[in-house]
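Asks: Fold the following and give me the result.
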Amino acid sequence: MLLQPKKFNYKKIQKNRLSKFKFKSNKLIFGSIGLKAAESGTISAKQIEAARQAISRKLKRKGKIWIRIFPFLPITKKPAEVRMGKGKGSIKYWSIKIRGGTILFELCGIPYQNAVIAFKTGGAKLPIKTFVYV
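Replies: This next block holds a predicted model:
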């Protein structure tokens, strides 16, 4: 079950610059403990799903997990050994640009020590540095 939008306005988008920190989604809303991004970067839908699976396996499917991010940016790629020109490539995968300070996952109903262990294993699946936020 990979995350991707059901509908979208534009099939292909331009790359934009990514600022360093974000202060809008930096507080816990649903759970009591969260996994927070320490740096900026892009995370694909496969990486989000891998982190979610690792977290839920460590918790033995107890407690409640919220995923606070959703991949809505289409990343395009041209096939190998194709000449220059002829337009932009087709959509390869979906991703999201993360700024430092964004909450990625939230948990509740789990003891603190178990949540920290689960978030450490889940954070290892992501391409950016993360830390546990209370």
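
Asks: Give me the neighbour count for residue 117.
Replies: Applying other CB atoms under 10 Å, we find 16 other residues in the vicinity of residue 117. In short, each C-beta sits where N, CA and C put it, glycine included.

Asks: For this protein, just list every one of the helices.
Replies: Counting by DSSP state H, the chain has helices at residues 45-58, 112-123.

Asks: tell me what the last one is packed against?
Replies: So that's helix 112-123. strand 33-37, helix 45-58, strand 103-108, strand 130-133 (3 or more CB pairs under 8 Å, 6 or more residues apart in numbering; DSSP states H and E).

Asks: hmm, try it at 7 Å
Replies: strand 33-37, helix 45-58, strand 130-133 (3 or more CB pairs under 7 Å, 6 or more residues apart in numbering; DSSP states H and E).

Asks: repeat for the longest one
Replies: Helices and strands in packing contact with helix 45-58 are listed as strand 64-67, strand 90-98, helix 112-123; criterion 3+ CB pairs under 7 Å, 6+ apart.

Asks: and the angle for the last one with strand 103-108?
Replies: So that's helix 112-123. Using axes from the mean of the first three to the mean of the last three CA atoms, to 10 degrees, the direction of helix 112-123 lies 150 degrees away from that of strand 103-108.

Asks: How about the second one?
Replies: When the same axes, to 10 degrees is applied, the directions of strand 90-98 and strand 103-108 differ by 70 degrees.

Asks: Pull out the buried positions in strand 90-98.
Replies: In terms of neighbour count (16 or more other CB atoms under 10 Å), strand 90-98 has its buried residues at 93-98.

Asks: ditto for the longest one
Replies: Applying a neighbour-count criterion of 16+ other CB under 10 Å, the buried positions in helix 112-123 are 114-115, 117-120, 122-123.

Asks: Then the shortest one?
Replies: Neighbour counts over strand 64-67 (16+ other CB under 10 Å) mark residue 65 as buried.

Asks: Restrict it to CA atoms and write it as PDB.
Replies: Presented in PDB, the C-alpha positions along strand 64-67 are these (Å, rounded to 0.1, in the frame of the first residue of the first chain):
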ATOM      1  CA  LYS A  64      -2.000   4.200  17.500                       C
ATOM      2  CA  ILE A  65       0.300   5.600  14.800                       C
ATOM      3  CA  TRP A  66      -0.400   8.800  12.800                       C
ATOM      4  CA  ILE A  67       1.500   9.600   9.600                       C
END
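
Asks: I am finished for the moment; much appreciated.
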